[in-house]
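*Asks:* Sequence below, structure please.
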Amino acid sequence: MQNKNKTVVKSMKLLDLFRTNRKLSLNEMVHLSGIPKTSAHRMIGSLEDMGLLSKDEEGKYTLGMLFLEFGQLVADRLDIRQIAYPIMQALRDEIGEAVNLTMKDNWEAIYVEKLDTMHPVRLFTKVGRRSPLYAGACSRIILAYLTEKEQEEYLIKTELQPYGIGTITDKEKLRLVLQQSRLDGYTVSHSELENHTSSVAAPIFDYTGQVIGGISMAGPDVRFQKGQLPILIDKVKSAAAEISQKLGFLGPLK
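*Replies:* Numbers count the residues shown, from 1 in each chain. Down below sits the predicted model:
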């Protein structure tokens, strides 16, 4: 903390409130952030002047349009997203299930692209959604391909909370699943992030051989039964391999 500018840190704390709140008043921001009202008022004014916050006629704040511009710039510069999209589209069109693309962001997975299923019954997932690395196939496949040191660092500091009835909350079991996923080149999840949903995922590597993301197919568990899994696994692994190769990965793929 000693090397961080305290005003910048507090400003980010205020902006971070809008991850889970669409609109907030000054008093609400003060209450949720714990920042003194005078300081918060000054920082909010500066953030508004810079276009990072916008105030409506009711006096409530929302994220400013500058975030839309920045967000589009980030999206446009994500090579993996541009490379993966046509491959994801072909996979979705062939199989008919939703296809998701995730990337590692610190100790979480973030969804950077998605294509919805053609079926009327679908899952709710959106670009920008975050999930813990231990839960859900598209997140856990990233964790599976981190180094043993990174995995242990993550497991030591992370409390495994249940999100669905199938979430793995036992660390020894998770270690075994990670090991097997790495041997297999894919992972499967059932009711881990949401009940009665399933997902199949494979890892994506960059030109250095490092795992940078995962691609998955996901849907209601009734469409991911044991007899249907082999074809889904094969297609997801092939898509992941194609994306990795286009990113310059030259190593062997399972």
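*Asks:* Report how many residues lie close to the nearest residue to V211 once chain neighbours are set aside.
*Replies:* Counting by Cβ to Cβ, 6 or more residues apart in numbering, Y145 is the residue found nearest to V211 once chain neighbours are left out, at 3.7 Å. For the C-beta atoms, the positions are set from N, CA and C on the backbone; glycine is no exception. Y145 has 22 neighbours, counted by other Cβ atoms under 10 Å.
*Asks:* can you check the one 4 residues further on too?
*Replies:* As a burial measure, K149 scores 8 neighbours (other Cβ under 10 Å).
*Asks:* Off-centre distance for the lowest-mean-pLDDT helix or strand in the chain?
*Replies:* Using mean pLDDT, DSSP states H and E, helix 66-76 stands out as the lowest-scoring helix or strand of the chain, at a mean of 75. Here the centre of helix 66-76 is set off from its chain's centre by 17 Å, with Cα atoms, centre = their mean, to the nearest Å.
*Asks:* Surely the residue nearest to V211 touches L183?
*Replies:* No - the pair Y145 / L183 is not scored as a contact, 11.3 Å apart, by Cβ atoms under 8 Å.
*Asks:* ranges for the strands of the stretch 151-254 of the chain?
*Replies:* 187-190, 197-205, 211-220 (DSSP state E, counting those that start in this stretch).
*Asks:* so of the ones you listed, which one's packed in deepest?
*Replies:* strand 197-205 (a mean of 27; mean count of other Cβ atoms under 10 Å).
*Asks:* can you tell me the average pLDDT over that strand?
*Replies:* In this model, strand 197-205 has a mean pLDDT of 94.
*Asks:* where does the stretch 151-254 of the chain dip in pLDDT?
*Replies:* For the stretch 151-254 of the chain, the stretches with pLDDT under 70 are 252-254.
*Asks:* which stretches of it form helices?
*Replies:* Applying DSSP state H, counting those that start in this stretch to the stretch 151-254 of the chain gives helices spanning 171-184, 229-246.
*Asks:* Could you say which of those helices is packed most deeply?
*Replies:* helix 229-246 (a mean of 19).
*Asks:* All good on my end, thank you.
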